[in-house]
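Student: please find the sequence and the predicted model below.
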Amino acid sequence: MGGPWSAEEIEAARRVKFGVVLDHLGAYYKLDNSYASLDPRRRSVRVQVNFKQRDFRFILTEEKWLNELLPQGDPRRGGGGAIDFVRHLTGLGFVQAVKVCLDAAESRGQH
C-alpha cells in the first residue's frame, strides 16, 4: 500500500470514527433524524455533510459509508473505513488520507 506507516497504524487510521474525521477536517455535518434504516439492527445513520462548498449525503453503518448523492453503480459511491472516507471527501491520495486520519485520532486522543 505504501507510505511510512506500519500495517497496524494503517488499520488504526481506517477505524477512526467518521465524526472525528469530519471535525478534524472542519466539515459541517448534521444527523438526519428523520432517517429510518431498513434493518434497525445495523444502526445506520444518514448524515448531511458540507465540505469545501460541496454537499454530500452519507449513510454510515459501522465502518462502511455510502454517498447517496452519487448514482447507483458509480464505483466511487461507497467504501469502507475512514481512509476511503477522507479520500472521497477531499480527493487526497492514500498516503495523505492516512495522515489526516491519524492526525484526527491523535487530536481527539482516539489512539
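Tutor: Sure thing, it's come through.
Student: low-confidence stretches in the chain?
Tutor: Segments of the chain classed as low confidence (criterion: pLDDT under 70) are 1-3, 109-111.
Student: where along it do the helices fall?
Tutor: Under the criterion DSSP state H, helices of the chain are mapped to 7-14, 18-25, 81-90, 94-107.
Student: show me what counts as buried in the first one.
Tutor: So that's helix 7-14. Along helix 7-14, these residues count as buried under the neighbour rule (16 or more other Cβ atoms under 10 Å): 9-10, 12-14. All C-beta spots, glycine's among them, are computed from the backbone N, C-alpha and C.
Student: out of the residues you listed, who's nearest Phe56?
Tutor: For these, the minimum distance to Phe56 (Cβ to Cβ) is 19.3 Å, reached by Arg14.
Student: can you tell me the closest non-neighbouring residue to that closest one?
Tutor: Closest residue in space to Arg14, ignoring its immediate chain neighbours: Gly81 at 3.6 Å, by Cβ to Cβ, 6 or more residues apart in numbering.
Student: was I right about that neighbour contacting Arg15?
Tutor: Yes. A contact is recorded between Gly81 and Arg15 when judged using Cβ atoms under 8 Å, the distance being 6.9 Å.
Student: among these two, which residue is more densely surrounded?
Tutor: When neighbours are counted by other Cβ atoms under 10 Å, Gly81 and Arg15 differ, and Gly81 comes out ahead with 21 against 14.
Student: list the contacts of the residue nearest the centre of the chain.
Tutor: Against the mean C-alpha coordinate of the chain, by Cα atoms, centre = their mean, the closest residue is Phe85 at 3.3 Å. Remark: with contacts taken as Cβ atoms under 8 Å, 6 or more residues apart in numbering, Phe85 is in contact with 18, 21, 65, 79.
Student: list just the nearest of the buried residues of helix 7-14 to Arg46.
Tutor: Taking those together and measuring to Arg46 by Cβ to Cβ, the closest member is Arg14, at 21.9 Å.
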